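# 3D, please:
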Amino acid sequence: MTDCGRKNLRLIFPQWQGGNNESYYFGSQLLAWLAPTEKGVTAEVDVASPAGVVLENENGIVGRSQVVSQLKRARNVISEHNPDTLVTLGGDCLVSLAPFSYLVEKYGEKLGVLWVDSHPDVMTPDHFSHSHAHVLGALLGNGDADLTRDISHPLAPEKVMIAGIHDALEHEAAFIAERGIATCGPDEVRQGGQAVMDWIKRENIQYLAIHLDLDVLDPAMFRSVLFARPGRGQHDFGDAAEGRVAIADVIQLISNASAAAETVGLTVAEHLPWDAINLKKMLGSLPLLR
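Sure, this is the predicted structure:
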């Protein structure tokens with residue numbers, strides 16, 4: 001479906017503290033440079049450079065004070081522009097919190113959230129101290145008070161579809177099952193995601209907010225994700241599920257979904273362009289350049 005002349009805001013949000021990884025900062029900047037020319041207005045959420053910054057665990061969340069203040073700034077920017085549609089270029093996954101909560105308020109029960117990710121992002125500080133893994137849970141009204149405080153209209157579980165998920169951890173699987181959240185595994189995504197189309201029809205979804213975590217992509221085929229970090233050890237990421245789909249699979253899935261409901265929100269998150277990051281560092285150490 002077309003945008004029908006809607007007012008669009010492109011939000012550049014280089015938040016890195018939610019994933020406690022400074023590389024998300026440059027990843028967001030590069031993503032903004034790579035993206036097609038904007039349609040509408042572009043604004044950036046002010047995020048301090050990570051150079052020399054060490055984050056502390058503040059009552060269960062690493063970098064809590066920075067994350068909370070940045071979420072407030074993001075809400076203020078969005079409110080100032082009052083857009084009909086929102087594109088967010090992150091940054092870690094938590095960048096979807098303010099934009100998607102805004103869209104839930106704006107479109108209500110007609111909005112569905114398509115969460116394209118290997119992980120459900122429904123943890124709390126009891127499970128993990130990095131708040132980028134808390135974001136979908138917070139949108140549903142569950143989790144830390146600092147993240148849910150401004151969720152005036154929690155997302156209904158039946159309005160969520162997680163596509164690309166596999167090997168969920170025990171507490172994640174329990175959360176999904178208890179709330180009846182729809183899911184679609186990598187094999188289904190590769191086949192076009194009919195389960196997503198069925199969900200859109202079943203829940204009478206007219207508008208879509210799509211969260212694309214790039215780590216849904218197979219790190220053997222797309223190298224700018226966490227799991228493709230150069231020099232990684234075999235057990236560096238524990239039991240975290242790694243992506244199993246290709247770019248073409250994701251494009252087809254989102255194309256199919258966008259033909260069935262109007263897309264009013266899109267987040268692209270977790271971009272970690274390791275080669276560009278390392279080349280940038282190398283250039284800074286060369287004579288006549290440094």
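
# Please count neighbours and contacts with C-alpha atoms only from this point.
Noted.

# my guess is Ala195 meets Gly185, correct?
No: judged on CA atoms under 8 Å, Ala195 makes no contact with Gly185 at a distance of 9.5 Å.

# between these two, what contacts are shared?
Common contacts of Ala195 and Gly185 (CA atoms under 8 Å, 6 or more residues apart in numbering): none found.

# and the helix or strand hosting Lys201, what does it pack onto?
Assigned by DSSP states H and E, Lys201 falls within helix 194-202. Other helices and strands packing on helix 194-202, by 3 or more CA pairs under 8 Å, 6 or more residues apart in numbering; DSSP states H and E, are strand 160-163, strand 182-184, helix 247-260.

# Report the angle between it and helix 247-260.
Between helix 194-202 and helix 247-260, the angle formed by their directions is 20 degrees, by axes from the mean of the first three to the mean of the last three CA atoms, to 10 degrees.

# Return the list of helices and strands in contact with the helix or strand just after helix 194-202.
For helix 194-202, the following helix or strand on the C-terminal side (DSSP H and E) is strand 207-213. If you count contacts as 3+ CA pairs under 8 Å, 6+ apart, strand 207-213 packs onto helix 97-107, strand 111-116, strand 262-269.

# Check which helices and strands the second one is in contact with.
What that stands for is strand 111-116. By 3+ CA pairs under 8 Å, 6+ apart, strand 111-116 packs against strand 160-163, strand 207-213.

# Kindly reformat the helices and strands packed on strand 207-213 as CSV containing distance to Arg75, mean pLDDT and mean neighbour count.
Shown next, in CSV, are the helices and strands packed on strand 207-213 (distance: least, CA to CA, whole Å; pLDDT from 0 to 100; neighbours: other CA atoms under 10 Å):
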stretch, distance to Arg75, mean pLDDT, mean neighbour count
helix 97-107, 6, 98, 21
strand 111-116, 19, 98, 27
strand 262-269, 15, 98, 24
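
# And the ones you listed: which comes nearest His134?
helix 97-107 (9.5 Å; CA to CA).
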